[in-house]
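Colleague: here is a sequence together with a model predicted from it:
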Amino acid sequence: MDKKKTVVEEIDRGLYDIKNKDRYRYKASKGLTSQIVLAISKEKNDPEWMRDFRLRSLEIYNQMPLPTWGPSLHELDMDDIVTYVRPDTEMKGKWQEVPEDIKDTFERLGIPQAERESLAGVGAQYDSEVVYHSVKEELVKQGVVYTDMESALREYEPMIQEYFMKLVTPNDHKFVALHGAVWSGGSFVYVPPGVHVDIPLQSYFRLNSPGAGQFEHTLIIVDKGAKLHFIEGCSAPKYNVTNLHAGCVELYIKEDASLRYSTIENWSRNMLNLNTKRALVEKNGSIEWVSGSFGSKISMLYPRSILKGEGARAEFNGVTFAAGGQVLDTGAAVIHAAPYTSSNINSRSISKGGGVAVYRGAVKVAPNAHHCKSLVSCESLMLDDLSRSDTLPVIDIQNDEVDIGHEAKIGRISEEAIFYLMSRGISEQEAKAMIVRGFAEPIAKELPLEYAVEMNNLINIELEGTIG
Amino acid sequence: MAEKLLAIHGLHAAVEGKEILKGLDLEINKGEVHVIMGPNGSGKSTLVNLIMGHPKYEITAGSIAFEGEDITALKTYERARNGIFLSFQNPEEIPGITVEHLLRTAKNAITGENVKIMAFKKELKQAMETLKIDNTYASRHVNVGFSGGEKKRNEILQMMMLNPQLAMLDETDSGLDIDAVRIVSSGVKHFKNEQNAILIITHNTKILEQLDVDYVHILMNGKILQTGDASLISQINENGFLHLGGETPDSGEVNMLHG
Ligand SMILES: Nc1ncnc2c1ncn2[C@@H]1O[C@H](COP(=O)(O)OP(=O)(O)O)[C@@H](O)[C@H]1O
Ligand SMILES: [Mg+2]
């Protein structure tokens, strides 16, 4: 058991080693300059407006202070930001060169070979490419667009120009400004009116573009009456050489359309994950977020749903697992900007070994948003006395005709429940794992089966070797 | 000659520094049905929790042997795997884990091999029918939203499925209506054979009607104050515990209030 835990820890060490090597190599360059941004833009063959957009974002980035709330980001060396931005050539290595311990982890998670390779950041000319193409063909017949952001910028330029970073703007905070300046990779999806995409689209098919998975941009437009399930698959410890992730996700859900957006994030333990996700929902449309946050050193992640049209709905189901050395500051925000809108937030967080899991959420009701409903439920489970959990909900209601409910529960794992399961012959470790899995079940059941299995595996790995 | 299953000698035990058991002896052989009666707070639950290995209860002297082996150093799950089972007075709720999943995990753990799914499902269905538990309960979360009676029936379901050598029933009949007690009692009868034994903690006789009770013990003052046959039950029911000369913890408190 201890051995397995070592496997997970060694990933961190390996990543630190590689990162240090990088630091050394780029020691000379300091700060992010317009030259660097222009170089990125040129390399990507940006149209002029995108190049200007990057430069404007850079200006905002340079002026903006770091966030003054939330977890401390002192270890982020903003002077050395260029280290994080430089596309890394070692990413283009071969599967054979991926460290054994990382391969073992993939093995243990039961992730198929093709997926493992793309998850490991290895250029994937493998099966995943084939799968991707066959998926794409099926979708093309229905008029669905599913491609990487760079291609989208070439092939669907007017649409990109209309929507790109209009929902999340560079002015929002320092890391989206950075994103605007240096974004690279990501997915673009457009679902035409009335089309129901039956199979979930999975973004890991696209992780092969260089530098993707770090400042990647996801833009999804689900047109009137259409339906989509998108899975963002950062589903295993990533073999990533740098340690800042500032992705951006923009989701546009038109009238009567619905989108389910599922994510399991399990970044390596040296990663600062500062991701910004937002959805704009029109009349009678719906957004459903399903989110599992496991990895990273620090995460700040609060998907926001803006319910713009009457009768729009938002649902958020999220589970966060913070182990020792991790601060996972996650939650959800909903803005009720129209009458008869509704939201349902359901968050579960688990902390162990000194980990910190914070729920930070907001529900806002605009003055005109009468007859809206919101239910927030957050529960935290602490596995020991070292760990910490907090819930920091903000509720701002500017209309009287609303139905708002909030419940929060913070508790420790029950010794009686562990004893009960052990009295049935179940080992102490498995008993704890069962209780934790049971606690996360309301979220797990929202995930596609293979991801639910993976999430349970992640919980088991987190609990291994630490109990006894 | 009967085979010895459980042997407790000179057991002293404490909870949070307070001594509850003060030299308790108890022997149970295969094929026997034992009943323990005693006033509230006399330490009946403490005794069965100790046998199961609850970490809160501390043994200060004496021994507990199961099949000739001292088990006091064994973990709870090891005791369960050796064949000891406890039907809890207050069964725990385990959100997110279904009854079927718990039973399968437990059965795998106890038998040391993966149960055959079809055979398992069939066995579960039969046991649920015997206990008149609706089929849908297999996929409900363990004890979550169960009524008191449903929780107790779920305990007996687990006993039947895990088939222990020693089943300890801690007030399994308390809070059940007459019909439910009869159902539980028939489940227990179904389970009972010459190779296993049952220790029943109860205040009533209903649950015992379908069983042949071999011994009745009175637990008071931290020991087994008296042991007799089934007729002891009706004596207690008529005269209460006080005439036996022991002091109940509750009467002690009453005296203090008046003194
Ligand atoms: N977990 C516990 N913590 C503190 N005191 C306990 C605990 N369990 C039992 N006790 C005390 O031990 C005594 C015996 O309790 P118990 O064994 O539950 O009695 P019974 O089952 O015979 O009613 C009581 O005084 C009770 O208050
Ligand atoms: Mg009791």
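Modeller: That came in fine, so what should we check first? Ligands and ions are numbered 1, 2, ... in the order given.

Colleague: please make it C-alpha for all contacts and neighbour counts, starting now.
Modeller: Noted.

Colleague: would you map the helices across chain A?
Modeller: Assigned by DSSP state H, chain A shows helices spanning A:2-25, A:34-43, A:48-63, A:82-85, A:100-109, A:113-119, A:127-141, A:149-155, A:157-163, A:174-182, A:415-422, A:428-444, A:449-463.

Colleague: near chain B, which residues of chain A? Just list them.
Modeller: For chain A, the residues in contact with chain B (Cα under 8 Å from any Cα of the partner chain) are A:416-417, A:419-420, A:422-428, A:434-435, A:437-442.

Colleague: go with 6 Å
Modeller: By Cα under 6 Å from any Cα of the partner chain, the residues of chain A that approach chain B are A:417, A:422, A:423, A:424, A:425, A:426, A:427, A:438, A:439, A:441.

Colleague: which residues sit in contact with residue 218?
Modeller: Because you didn't say which chain, this covers chain A. A:186, A:187, A:188, A:249 (Cα atoms under 6 Å, 6 or more residues apart in numbering or on different chains).

Colleague: wrong chain, I was asking about chain B
Modeller: With Cα under 6 Å, 6+ apart, residue B:218 has these contacts: B:36, B:37, B:38, B:224, B:225, B:226.

Colleague: am I right that it falls within a strand?
Modeller: Yes - counting by DSSP: H, G, I helix; E, B strand; the rest coil, residue B:218 is part of a strand.

Colleague: any low-confidence regions in the chain?
Modeller: Chain wasn't specified; assuming chain A. Residues of chain A meeting the criterion pLDDT under 70: A:1-30, A:78, A:80-136, A:203-213, A:233-242, A:465-468.

Colleague: meant chain B, my bad for not saying
Modeller: Applying pLDDT under 70 to chain B flags residues B:1, B:245-259.

Colleague: residue of it nearest chain A, please.
Modeller: Per Cα to the nearest Cα, residue B:96 is where chain B lies closest to chain A, at 3.6 Å.

Colleague: list the neighbouring strands of the helix or strand where that residue lies plus their orientation.
Modeller: Using DSSP states H and E, residue B:96 sits within strand B:94-98. Partners of strand B:94-98 in the sheet, by DSSP bridges, are strand B:141-142 (antiparallel).

Colleague: got a list of contacts for the strand it pairs with?
Modeller: B:93, B:94, B:95, B:96, B:97, B:98, B:99.

Colleague: just list whatever residues bridge to the second one.
Modeller: Read that as residue B:94. Residues in a beta bridge with residue B:94, per DSSP bridges, are residue B:142.

Colleague: would you mind measuring from it to residue B:151?
Modeller: 12 Å (Cα to Cα, to the nearest Å).

Colleague: quick one, phi psi at residue 69?
Modeller: Picking chain A for this. phi -120, psi 170 (degrees, to the nearest 10).

Colleague: neighbours around it, how many?
Modeller: 7 (other Cα atoms under 10 Å in any protein chain shown).

Colleague: swap in residue A:298?
Modeller: Residue A:298, neighbours per other Cα under 10 Å, totals 25.

Colleague: correct me if wrong: it contacts residue A:272.
Modeller: Yes - using Cα atoms under 6 Å, residue A:298 is in contact with residue A:272, at 4.9 Å.

Colleague: re the thing from before, now, which of the contacts of strand B:141-142 sits nearest residue A:230?
Modeller: Within these, distances to residue A:230 taken as Cα to Cα reach their minimum at residue B:96, with 25.5 Å.

Colleague: for that closest one, which non-adjacent residue is closest in space?
Modeller: Excluding the flanking residues, the one nearest residue B:96 by Cα to Cα, 6 or more residues apart in numbering or on different chains is residue A:438, at 3.6 Å.

Colleague: can you show me the helices along chain B?
Modeller: Counting by DSSP H, one finds helices in chain B at the ranges B:44-52, B:76-82, B:99-111, B:117-130, B:148-162, B:178-191, B:231-239, B:249-258.

Colleague: can you give me the distance of residue A:294 to ligand 1?
Modeller: Using Cα to the nearest ligand atom, to the nearest Å, residue A:294 is found at 35 Å from ligand 1.

Colleague: so who does that residue touch?
Modeller: When contacts are counted by Cα under 6 Å, 6+ apart, residue A:294 touches A:265, A:266, A:320, A:321.

Colleague: report the closest residue of the stretch 201-350 of chain A relative to ligand 1.
Modeller: Using Cα to the nearest ligand atom, the closest approach of the stretch 201-350 of chain A to ligand 1 is made by residue A:350 at 26.0 Å.

Colleague: hang on, that residue packs against residue A:381?
Modeller: Yes - Residue A:350 lies in contact with residue A:381 (Cα under 6 Å); the separation is 4.8 Å.

Colleague: more crowded one of these two?
Modeller: Remark: of residue A:350 and residue A:381, residue A:350 carries more neighbours, 30 against 25, as counted by other Cα under 10 Å.

Colleague: what sits against that one?
Modeller: By Cα under 6 Å, 6+ apart, residue A:350 lies in contact with A:321, A:380, A:381, A:382.

Colleague: redo that, cut-off 8 Å
Modeller: Contact analysis of residue A:350 by Cα atoms under 8 Å, 6 or more residues apart in numbering or on different chains lists A:319, A:320, A:321, A:322, A:357, A:380, A:381, A:382, A:383, A:389, A:436.

Colleague: same question, residue B:44
Modeller: Residues in contact with residue B:44, defined by Cα under 8 Å, 6+ apart, are B:36, B:37, B:38, B:170, B:201, B:219.

Colleague: from ligand 1, how far out is it?
Modeller: For residue B:44, the distance to ligand 1 (Cα to the nearest ligand atom) stands at 4 Å.

Colleague: and that residue, how close does it get to residue A:379?
Modeller: When residue B:44 is compared with residue A:379 (using Cα to Cα), they lie 35 Å apart.

Colleague: likewise residue B:228?
Modeller: 52 Å.

Colleague: try residue B:38
Modeller: Distance check for residue B:38 against residue A:379: by Cα to Cα, it reads 41 Å.

Colleague: okay, now the closest residue to chain B within chain A: neighbour count?
Modeller: Closest residue of chain A to chain B, Cα to the nearest Cα: residue A:438 (3.6 Å). A count of neighbours around residue A:438, defined by other Cα under 10 Å, yields 19.

Colleague: from what I can see it touches residue B:94, true?
Modeller: Yes - the pair residue A:438 and residue B:94 passes the contact test of Cα atoms under 8 Å, sitting 7.2 Å apart.

Colleague: end to end, how far does stretch B:30-42 reach?
Modeller: Terminal-residue distance, stretch B:30-42 (Cα to Cα): 26 Å.

Colleague: returning to that earlier point: identify the contacts common to residue A:350 and residue A:381.
Modeller: Counting by Cα under 8 Å, 6+ apart, the shared contacts of residue A:350 and residue A:381 are residue A:389.

Colleague: top of the contacts of residue A:294 by number of neighbours, please.
Modeller: Neighbours here mean other Cα under 10 Å. Within the contacts of residue A:294, the largest count is held by residue A:321, at 28 neighbours.

Colleague: doesn't residue A:347 make contact with it?
Modeller: No - Residue A:321 sits out of contact with residue A:347 when judged by Cα under 8 Å, with a separation of 11.3 Å.

Colleague: for residue B:212, give me its contacts.
Modeller: Residues in contact with residue B:212 (Cα under 8 Å, 6+ apart) are residue B:33.

Colleague: no no, residue A:399
Modeller: Contacts of residue A:399 (Cα under 8 Å, 6+ apart): A:365, A:366, A:367, A:368, A:369, A:370.

Colleague: measure how the strand holding residue B:96 sits relative to helix A:415-422, angle-wise.
Modeller: 20 degrees (axes from the mean of the first three to the mean of the last three Cα atoms, to 10 degrees).

Colleague: just want the angle from strand B:94-98 to helix A:428-444.
Modeller: Calculated by the same axes, to 10 degrees, strand B:94-98 forms an angle of 80 degrees with helix A:428-444.

Colleague: brilliant, that's me finished.
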